[in-house]
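# Quick one, what's the 3D model for this:
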Amino acid sequence: MRLATVSYIGDEEDIIETFVRHHAACVDRMVIVCTARERKTPAILEQLRKEGLPLEISYHTPLFHDQAEVLTRVLHGIHTRLKPQWILPLDADEFLHGDAHAAFKLLPRDHVSLLPWRTYVPLPGDDRQEANPLRRIRHRREKEEPQLYKVLIPSTMMHEDSALGAGSHELLWSGVPCRGIPTTCLFLAHFPVRSLAQIKRKVEEGWKKIQANPRRGEEEGYHWGTIAEYFSDGQEKSQEDLTEIARSYSSPTLSSLVFDPVC
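Below is the predicted model of the structure:
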């Protein structure tokens, strides 16, 4: 097995089918821990599994946001049981792009590869009748400031004390970040903000779970807290507000936008 993905996914019914079908074309196995509180996301996942897509699904009801701990356990289980050459942690709003088959032949195996985010931003003029976020949202930030990455882990970097950091942005050895080098041959199209209802629910529920985590780092989830506070005034938000939320997601700098459709 060449590539397995691991994911910790909540209520993501607007994007989960697109996420699975996109990656089924280049991934040997997708292992998903579903924490959804509503039945829509699990029902979609189970239907996709019945179709024969390469899914393993388990269900988890956390008291707090324990993504790093859960995915670390899954990471070790996959490494032992499936023996993939590569493991990629992915959120439901992240889409692998680039020639994956060619890249895996060329990427080094003595360090973690860092896949850069390219964050997409909804605009008021987007076709709101288009249900697929990858077709509807066609502009992205020109610059990511700071540039954030997700780890692509070769099996050679897995040890007994390997662990994922918060957000799967780094791999730790005995609590210390291990060597990671950015790659230009693969990237992650990132769609964290897709509609007002989606992002409002995500941050309101997610921020409470993050705050309840007894092992939470000081800055962990700060961007969700900022957005949750923005919604807390009870005022109705506009599509222009949605654009600004997406432009500033995990970034203090409002980058200009470029037209760069994924599909």
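# I'd guessed Trp86 sits against Phe104; true?
Yes - between Trp86 and Phe104 there is a contact at 6.2 Å, judged by Cβ atoms under 8 Å. The way it works is simple: take the backbone N, C-alpha and C, and place the C-beta from them, glycine included.
# And these two? Which one has more around it.
Taking Trp86 and Phe104 together and counting by other Cβ atoms under 10 Å, Trp86 has the greater number of neighbours (23 against 19).
# part of a strand, is Thr72?
No - looking at Thr72 with DSSP: H, G, I helix; E, B strand; the rest coil, it is helix, so not inside a strand.
# For it, which non-adjacent residue is spatially closest?
Leaving aside its chain neighbours, Thr72 sits nearest to Ala163 (4.6 Å; criterion: Cβ to Cβ, 6 or more residues apart in numbering).
# got it, and Tyr8?
In this structure, Tyr8 finds its nearest non-sequential neighbour in Gln67, 4.5 Å apart by Cβ to Cβ, 6+ apart.
# Show me where the stretch 151-263 of the chain has its helices.
Ranges of helices in the stretch 151-263 of the chain, per DSSP state H, counting those that start in this stretch, are 196-211, 222-231, 239-247.
# Out of those, which gets nearest to Glu170?
Taking Cβ to Cβ, helix 222-231 is the member of the helices of the stretch 151-263 of the chain nearest to Glu170, at 16.7 Å.
# Just the pLDDT at Met1, thanks.
For Met1, the model assigns a pLDDT of 63.
# For the residue nearest to Tyr8, give me its contacts.
Counting by Cβ atoms under 8 Å, 6 or more residues apart in numbering, Gln67 touches 8, 166-168.
# And these, which two are furthest apart?
Within the contacts of Gln67, Tyr8 and Ala166 form the most distant pair, 11.5 Å apart (Cβ to Cβ).
# Looking at those two, which is more packed in?
Counted by other Cβ under 10 Å, Tyr8 and Ala166 do not tie: Tyr8 has more neighbours, with 24 against 17.
# still on that earlier bit, surely the residue nearest to Thr72 meets Ala68?
Yes - judged on Cβ under 8 Å, Ala163 makes contact with Ala68 at a distance of 7.2 Å.
# Between those two, which has more neighbouring residues?
Legend: neighbour count by other Cβ under 10 Å for Ala163 and Ala68, higher for Ala68 (21 against 18).
# For Glu220, give me phi and psi.
Main-chain torsions, Glu220, degrees, to the nearest 10: phi -60, psi 130.
# for Ser7, same thing?
phi -140, psi 140.
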